[in-house]
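Enquirer: I would like the atomic coordinates for the input below:
(chains A, B, C, D and E, ligands or ions: 31)
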Amino acid sequence: MAKNKPRSRHKHYNVPEPGTSPGMYAIDDNALKPIITLHTYNDKIYKKEEIKNINNIDRLTENKDFYYWFDIKGLADPNIFETLYSKLNISRLVLEDITSSYQRPKLDEYDNDKYVFAVSRHLFLNGENDLCNEQISFILTSKCLITFQENYEDCFNPVRKRLEIGKGNIRIGGSSYLMYAIMDVIVDNYFTLLNYWGEELDAIEDRLFDNPDKRIMYDTQGIKRSLIMIRKVAWPERDKLNDILRSDSDLISDLTKTYIKDAYDHCIQIIDFIESLKEIASANIDMNLSIISNRMNEIMKVLTIISSIFIPLTFIAGIYGMNFSREDPVTGKVLPDNMPELYSPHGYMWTWIVMAVIAVLQVIYFWRRGWFK
Amino acid sequence: MAKNKPRSRHKHYNVPEPGTSPGMYAIDDNALKPIITLHTYNDKIYKKEEIKNINNIDRLTENKDFYYWFDIKGLADPNIFETLYSKLNISRLVLEDITSSYQRPKLDEYDNDKYVFAVSRHLFLNGENDLCNEQISFILTSKCLITFQENYEDCFNPVRKRLEIGKGNIRIGGSSYLMYAIMDVIVDNYFTLLNYWGEELDAIEDRLFDNPDKRIMYDTQGIKRSLIMIRKVAWPERDKLNDILRSDSDLISDLTKTYIKDAYDHCIQIIDFIESLKEIASANIDMNLSIISNRMNEIMKVLTIISSIFIPLTFIAGIYGMNFSREDPVTGKVLPDNMPELYSPHGYMWTWIVMAVIAVLQVIYFWRRGWFK
Amino acid sequence: MAKNKPRSRHKHYNVPEPGTSPGMYAIDDNALKPIITLHTYNDKIYKKEEIKNINNIDRLTENKDFYYWFDIKGLADPNIFETLYSKLNISRLVLEDITSSYQRPKLDEYDNDKYVFAVSRHLFLNGENDLCNEQISFILTSKCLITFQENYEDCFNPVRKRLEIGKGNIRIGGSSYLMYAIMDVIVDNYFTLLNYWGEELDAIEDRLFDNPDKRIMYDTQGIKRSLIMIRKVAWPERDKLNDILRSDSDLISDLTKTYIKDAYDHCIQIIDFIESLKEIASANIDMNLSIISNRMNEIMKVLTIISSIFIPLTFIAGIYGMNFSREDPVTGKVLPDNMPELYSPHGYMWTWIVMAVIAVLQVIYFWRRGWFK
Amino acid sequence: MAKNKPRSRHKHYNVPEPGTSPGMYAIDDNALKPIITLHTYNDKIYKKEEIKNINNIDRLTENKDFYYWFDIKGLADPNIFETLYSKLNISRLVLEDITSSYQRPKLDEYDNDKYVFAVSRHLFLNGENDLCNEQISFILTSKCLITFQENYEDCFNPVRKRLEIGKGNIRIGGSSYLMYAIMDVIVDNYFTLLNYWGEELDAIEDRLFDNPDKRIMYDTQGIKRSLIMIRKVAWPERDKLNDILRSDSDLISDLTKTYIKDAYDHCIQIIDFIESLKEIASANIDMNLSIISNRMNEIMKVLTIISSIFIPLTFIAGIYGMNFSREDPVTGKVLPDNMPELYSPHGYMWTWIVMAVIAVLQVIYFWRRGWFK
Amino acid sequence: MAKNKPRSRHKHYNVPEPGTSPGMYAIDDNALKPIITLHTYNDKIYKKEEIKNINNIDRLTENKDFYYWFDIKGLADPNIFETLYSKLNISRLVLEDITSSYQRPKLDEYDNDKYVFAVSRHLFLNGENDLCNEQISFILTSKCLITFQENYEDCFNPVRKRLEIGKGNIRIGGSSYLMYAIMDVIVDNYFTLLNYWGEELDAIEDRLFDNPDKRIMYDTQGIKRSLIMIRKVAWPERDKLNDILRSDSDLISDLTKTYIKDAYDHCIQIIDFIESLKEIASANIDMNLSIISNRMNEIMKVLTIISSIFIPLTFIAGIYGMNFSREDPVTGKVLPDNMPELYSPHGYMWTWIVMAVIAVLQVIYFWRRGWFK
Ligand SMILES: [Mg+2]
Ligand SMILES: [Mg+2]
Ligand SMILES: [Mg+2]
Ligand SMILES: [Mg+2]
Ligand SMILES: [Mg+2]
Ligand SMILES: [Mg+2]
Ligand SMILES: [Mg+2]
Ligand SMILES: [Mg+2]
Ligand SMILES: [Mg+2]
Ligand SMILES: [Mg+2]
Ligand SMILES: [Mg+2]
Ligand SMILES: [Mg+2]
Ligand SMILES: [Mg+2]
Ligand SMILES: [Mg+2]
Ligand SMILES: [Mg+2]
Ligand SMILES: [Mg+2]
Ligand SMILES: [Mg+2]
Ligand SMILES: [Mg+2]
Ligand SMILES: [Mg+2]
Ligand SMILES: [Mg+2]
Ligand SMILES: [Mg+2]
Ligand SMILES: [Mg+2]
Ligand SMILES: [Mg+2]
Ligand SMILES: [Mg+2]
Ligand SMILES: [Mg+2]
Ligand SMILES: [Mg+2]
Ligand SMILES: [Mg+2]
Ligand SMILES: [Mg+2]
Ligand SMILES: [Mg+2]
Ligand SMILES: [Mg+2]
Ligand SMILES: [Mg+2]
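Expert: Ligands and ions are numbered 1, 2, ... in the order given. Next up, the predicted model:
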């Protein structure tokens, strides 16, 4: 019954051994080798290059006429984190958060706003339709954005393309606007997921009305669990966007805040949507239970009607199947009280009549109680 | 079983492709061609004209002795939005919100209160009694109100008539009062819907008491879903009205605020009403489940009473229907232990007596347990 | 089944047509002709007179040595409202609120505290034990209280008597104290209702333990609905009393506030009481469902015990009721394998023994499983 | 079935007639004659005397070198209240609250902190294990504490003893510390009750696992109701202790506040404890319902297995019990198609074989579905 | 059925007798003899020694160049508490809290921040997989940390090792950092527990899909209860960490606060995790109930199908098993109306045909209703 296995099992936290020193980042054994892309841009110029490491990140970002985006996919290189620590003075707690990869969405401001650390969670369905949950980490300084993700696949290509083309605010809004643009894609993706589950719930509902089966409960619970998982992400995402809105750090421009307000609106819409879908899922479950109960009622009605009608009739037939003797086998004396009905000329007919009356009375009784509806 | 299909399916969000540039409004393929009516009025004069486009909106609204209402039905003309952007400096995020048409009710103030953007949601039942959900967008400047709606039909005719007649505050209250008047109609409409569902719930309740059937669950869940949908709108509507009340923008006059307070009261009454109806719907569902359980009890009681009485009797009849032989067929020897009852002169009568005693005892037993009530 | 009809159906809101001008009060068609009693009083003098109308309210209340209470029962005279508008400058929104009569309890301060408008809701059981819900409106100015109620009957006679007798603070506390006294009666009345339902719930509980029947669910849900209705009133009543407590209007004296604090305490006790009764009602419903399930179990046990014992026995009887022939009717050859038991000398006795063993084994089995407890 | 009667019925409020003047205290008909004990003490001296009345309370408390505790048990003497009103200027609202005895725990400060009025609720199990609910009222002035209770029995003896012995802060902490000490005993008593119910719930749980019966539901609901009642008291108790902590009245010393903070901690622990027990009670109820359902499943399985096996077999036996005639009784012609099986030499044996095969197939079927587990 | 006994029974509070003087610490009879380890350290030097008592704690901590950690396991020595009271002026309320060992996590600041008292709760599974709950108390002064625990086993060895090795901030962060480090281990341990239950829930879910049995309900409720217990600890832990973050005491350094923020994040993740697991547990219970209902439906379907088919057939067989006589035994007259079917040449065959038709019709009927799916 493998196909019944629940989807969306929660990701087990691979927490470090309790008691390890805080800030001791532990890179997961399954972590991928990093692919680092450096985007250097301003309103006029755009350059993209793949780089091997970020060892000389201070020199790479020297020219203050440009903005820089270090787009890092895969976390398996401790070198990166050591460089961040030694060259940019990034706190070890931040490095631990990037690598432990089970953070809630959040915004932390460090060192008198010298840099900002943020986390988003990218949700997506993998090949087997399981809901996956990837951490996207952001380090934002005045001219530079560094993003970290666990897998090579992502949903940021539209942003990379907009950056290349240079339309809109993407190149002139600064690094905080770029961070917004990525966060916005992530939030927009939630809509896609919710639309998908919304349609699945509609399909389940149709099955419920047409032809309810045992899988409905499993499937609805599966979607409900996915909704719980996305809700667990959407609420702190909302809080994070609100924190950005209310931040007084210079790193986040007013232009960015205008757009963050828009993403915040979307996030609230997502939370509304999740709650609606959860209520629909619950209603489906209730409806299913009610349908099961109604079915039971119907099954029992069939059994009761047939049993109630035929059991008394069978009893009567049984009576006249008894072998009480008409005469004493020894003395040969007639025993006239033993089943005289059997020897009446129309005994058989009368038996049928009595049976029919009983049956009809019962049918009337059941009819009146509404059991045939 | 088409008639059982659930009503009030949620409107699927037609979100733009994740990653598109923010402010990139995407006009829906099904959007209608706009019909634009310009109402020009002050306390003495009122003029209504249908206009083709708003390309020269700046010139049309030059005369500061009048108030202006651009009443736009249908969103299929990108020209309108480009004009708003170029001539009135309306933010692209606003234009996106107008066209994406799945916003929650909200109030946004822009550009140091140069204009205000607001959203209401108009709920109505369409021809097939489905709950529909239309977005009404408002752009309010000092002398001018621009409203956007998706469909040609609406519920604003009373406001248009009051504007034409000029009674009350409608022409002297300024553009913010006109915006209030439209929002008020929308909120008042919620009462009409709730009264309708309240009566439906009463009707379902009557069916529940008179003649409960399987459709009760479906119908109640349908109304419950409608209530969830209207609640999803009423709460942010309440917040929006409160935001207007507390706004310090000059665009919203004190007179308007007095009336907004009244609409806010109505909105709270609506939320109260929704919660009451939801509790009644839930109580109906509980009652229904209890009725189903009671019915099952009754069905089983009938089965048990009849089976318990007749199965033992049938067994007795079966006993005396056995063919144990009175004499050995080979030796002809009499076998006096084989069913001597059959040859007793009153065996048949005694059998009936025994059966009657058993039946009466059972009836007494069941009576005592209250099964005949 | 009229006696099963639910009590306490919610009062349908008779909202004005959506889109009517705000402040357009619409007097209900069933409204009663007003009976107006004017109480003129100070600490020494008390005068009561019935007046036809309040057209000269300004002249009637000229003498500042007295307090005035206009006690208006019945709302069917638009003249009253026009006078309030023209002579006392009462806002049209207030007049609409008085006549629409579905307001939540609330306190509104108008015109820089020139007057205060308040609403209470008087709950009572009518002749058919239905919970009714009447709006009491208050307009309070510095020396004058005007009260409006929909019906002629009310619960204010104790206050009128106290006013006539003049004991306590009633004549020296000013108009705000009189308003408090009336609100206090209304709140005290809620206790009476809750005590009544509390006793009904106790009675239902006793029925539950003694002799549960199908009406229990209906009756409990009826009380639950009444509790929901009173809760809907008690919460905003609490908020209103709190608003009065925190009001900085001169119209409400410090003495009054001391007493309002006492009424506020009562209101919180009422909310506590409502929640307790709701939990008891829910517990009754749960208990009822559990009793139904237990009954079903018992019914099924009876059926199963009797069927399980007698069906196999009947089968055995059926076996020996078969007519397999001892001899070939054509050849007359003896067929010794056909039911030799029938011709054994003690076949009948052995059959009974086998049956008894089967029955006893089953009884032991059921006994062990605890089915006879 | 008296033993099934629910415990912990809520105490009906004996509210005064609605409309009576506020502050009109009504002494309950069942109130006890007061026993008044006056404790006069300071850090060195302690004197205890029983007094007849408090008519000369002002003279009794003249000496400012001492603290005074008027410990009043029984409320049936209006004289006491009149004295408080005339000699100490205690508000009539306070006197009403003392006598009406259904107040929530609360703290009221009066007359610019000249005195403080507080209420606690003492919960205890009476002889029949019913949860009783007694009001303890406190009037605290600078040197004097007056306590009121409804019954003669209480739980304050440890405090009286500590006062007599004089150990700790009890004699040097002032009147507010004495008030704390009494409140602390009351709160500590809640733990005793909760431990008792905790053990009862454990016992019920054991019965649930060992031998579930119908009383489990009744007993669990009884405890649940007691928990609801204590929770109704514990929350406002917590608020009251918090109010004392934050009070800026001189009547409550800093030392007292340090200890009140400790009692506040206990109160939060109590609320935690209540919630845990409620969740355990709910889990027991759920478990019970699941056990009932499982039992029903087992009962039905037994019925279905036995019926399904024997009903078809009985049918077969019935077939061969039919009396279709081998020869036409009139013509004597042989009718070879009528039940030739009966005349086959091994018809009986074959019938048994067929029956056995059917039975075995069914047993295998049921086995496979896991019905024998 | 001992293996079904619920795990994680709540720890009964061993509260002192109500009315005992506050601050009267009562050492539990089962308390262990204390083992006291004194860690003396600064950034360069680390010394560990076991000491017998802390009688001369003031002298031991004289040298202000070092930090001190008194690591006390076991509470059975009143001497310790008396020393704390007399030498360090620790409040008796603190000493009571340490020994009563049922405190919620909390932070109390005493004596103008001369010392801080904190409580954490260490959760662990004992040998029988029961969830145990140990109190860890902290007294923090400027240079000294004193920790108290009830058992000898704990989870602090990693911290002791880090202290010995001296890596990271552990020796330079001061006493507040050491307190953080211990609290952090405790919180990290919660993850370990939650991961364990998460896996158990997964295993239960698999059993649910593969082979649901009666133990599922018991096991799920057991885990649910553990989750309730850890939630009861995690919420006040979160509040405590927040209190530390917001404390303005000099005893808690800014460095420590940075790390407390990290532990606070973990605590919120834990709360999230608990809620998820609780929802999964609830979903399992719902699913289980639905599976039980579905099984009942299937059982009843089998019974109904077999009974409905064979009971009518058995009735027919019963009819033709009746013994109505073909001739009057006395007169010998032929009675042609008595069961002529029995003498028809193909009566037997026709009977079979009628039976087959009835059976086939029923099978078709059941098939159509979907009962064979
Ligand atoms: Mg750690
Ligand atoms: Mg971390
Ligand atoms: Mg849908
Ligand atoms: Mg949050
Ligand atoms: Mg937007
Ligand atoms: Mg977006
Ligand atoms: Mg929005
Ligand atoms: Mg976007
Ligand atoms: Mg309105
Ligand atoms: Mg209704
Ligand atoms: Mg809100
Ligand atoms: Mg109004
Ligand atoms: Mg209106
Ligand atoms: Mg109105
Ligand atoms: Mg009152
Ligand atoms: Mg009661
Ligand atoms: Mg409220
Ligand atoms: Mg009072
Ligand atoms: Mg009163
Ligand atoms: Mg009172
Ligand atoms: Mg205490
Ligand atoms: Mg327990
Ligand atoms: Mg409360
Ligand atoms: Mg409160
Ligand atoms: Mg304490
Ligand atoms: Mg104590
Ligand atoms: Mg304590
Ligand atoms: Mg940690
Ligand atoms: Mg899991
Ligand atoms: Mg808390
Ligand atoms: Mg961290």
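
Enquirer: for chain A, what's the longest helix?
Expert: helix A:254-319 (DSSP state H).

Enquirer: what packs against it?
Expert: Judged by 3 or more CB pairs under 8 Å, 6 or more residues apart in numbering or on different chains; DSSP states H and E, the packing partners of helix A:254-319 are helix A:174-210, helix A:215-246, helix A:347-368, helix B:92-100, helix B:215-246, helix B:254-319, helix E:254-319. To be clear about C-beta, it is placed using only N, CA and C from the backbone, and glycine gets the same treatment.

Enquirer: can you count the residues close to the residue of chain A found nearest ligand 16?
Expert: Nearest residue of chain A to ligand 16 (CB to the ion) works out as residue A:286 at 30.2 Å. Number of residues near residue A:286 (other CB atoms under 10 Å in any protein chain shown) recorded here: 17.

Enquirer: residue B:282 is in contact with that one, correct?
Expert: No. Using CB atoms under 8 Å, residue A:286 is not in contact with residue B:282; the gap is 9.9 Å.

Enquirer: show me chain A divided up by domain.
Expert: Split into domains by automatic domain parsing, chain A comes to A:7-291, A:296-368.

Enquirer: got these as a markdown table, with mean pLDDT columns?
Expert: Formatted as a markdown table, those follow (pLDDT from 0 to 100):
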| stretch | mean pLDDT |
| --- | --- |
| domain A:7-291 | 90 |
| domain A:296-368 | 91 |
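
Enquirer: tell me the secondary structure for the residue in the stretch 1-150 of chain A positioned nearest to ligand 28?
Expert: At 6.3 Å from ligand 28, residue A:22 is the closest residue in the stretch 1-150 of chain A, using CB to the ion. Following DSSP: H, G, I helix; E, B strand; the rest coil, residue A:22 is assigned to coil.

Enquirer: name the nearest residue to residue A:304, sequence neighbours excluded.
Expert: residue B:303 (4.1 Å; CB to CB, 6 or more residues apart in numbering or on different chains).

Enquirer: how far away is that neighbour from residue E:127?
Expert: Going from residue B:303 to residue E:127 by CB to CB, to the nearest Å gives 52 Å.

Enquirer: who's more crowded, these two?
Expert: Set side by side, residue B:303 and residue E:127 show more neighbours around residue B:303, with 24 against 6, by other CB under 10 Å.

Enquirer: would you confirm that the more buried one contacts residue C:300?
Expert: No. Contact criterion CB under 8 Å: residue B:303 and residue C:300 do not qualify, at 9.5 Å.

Enquirer: on that earlier part again, contact partners for the residue nearest to residue A:304?
Expert: By CB atoms under 8 Å, 6 or more residues apart in numbering or on different chains, the residues touching residue B:303 are A:300, A:303-304, A:307-308, C:303.

Enquirer: wait, doesn't residue A:84 sit right on residue A:91?
Expert: No. Applying CB under 8 Å as the test, residue A:84 and residue A:91 come out as separate, 9.4 Å apart.

Enquirer: who has more neighbours out of these two?
Expert: More crowded of residue A:84 and residue A:91, by other CB under 10 Å: residue A:84, with 22 against 18.

Enquirer: from residue A:176, how far out is the more buried one?
Expert: Distance, residue A:84 to residue A:176, by CB to CB: 19 Å.

Enquirer: closest residue of the stretch 251-373 of chain A to ligand 31?
Expert: Of all residues in the stretch 251-373 of chain A, the one sitting closest to ligand 31 is residue A:251 (20.1 Å; CB to the ion).

Enquirer: tell me the secondary structure for that residue?
Expert: Residue A:251 - assigned by three-state DSSP - is coil.

Enquirer: what about stretch A:254-267, near ligand 8?
Expert: No. Using CB under 5 Å from the ion, we find that stretch A:254-267 stays clear of ligand 8, coming within 7.7 Å at best.

Enquirer: residue A:122: what secondary structure?
Expert: strand.

Enquirer: now do the contacts for it.
Expert: A:133-136, A:149, A:154-155, A:186, A:189.

Enquirer: apart from its chain neighbours, what residue comes closest to it?
Expert: Leaving aside its sequence neighbours, residue A:122 is closest to residue A:134 (4.5 Å, by CB to CB, 6+ apart).

Enquirer: contacting residues around that neighbour?
Expert: Residue A:134 makes contacts with A:101, A:121-124, A:149-151, A:154, as judged by CB under 8 Å, 6+ apart.

Enquirer: residue A:171 is in contact with residue A:47, isn't it?
Expert: No. Using CB under 8 Å, residue A:171 is not in contact with residue A:47; the gap is 11.9 Å.

Enquirer: more neighbours: the two, which one.
Expert: residue A:171 (22 against 9).

Enquirer: from the contacts of residue A:134, which would you call buried?
Expert: Buried members of the contacts of residue A:134, counted by 16 or more other CB atoms under 10 Å in any protein chain shown: A:101, A:121-124, A:149-150, A:154.

Enquirer: ok, those residues vs residue B:181, which is closest?
Expert: The shortest approach to residue B:181 among the buried ones among the contacts of residue A:134 belongs to residue A:123, at 43.2 Å (CB to CB).

Enquirer: ok, the closest one - contacts?
Expert: Counting by CB under 8 Å, 6+ apart, residue A:123 makes contact with A:131-134, A:189-190, A:193, A:229-230, A:233.

Enquirer: show me what it is bridged to.
Expert: residue A:133 (DSSP bridges).
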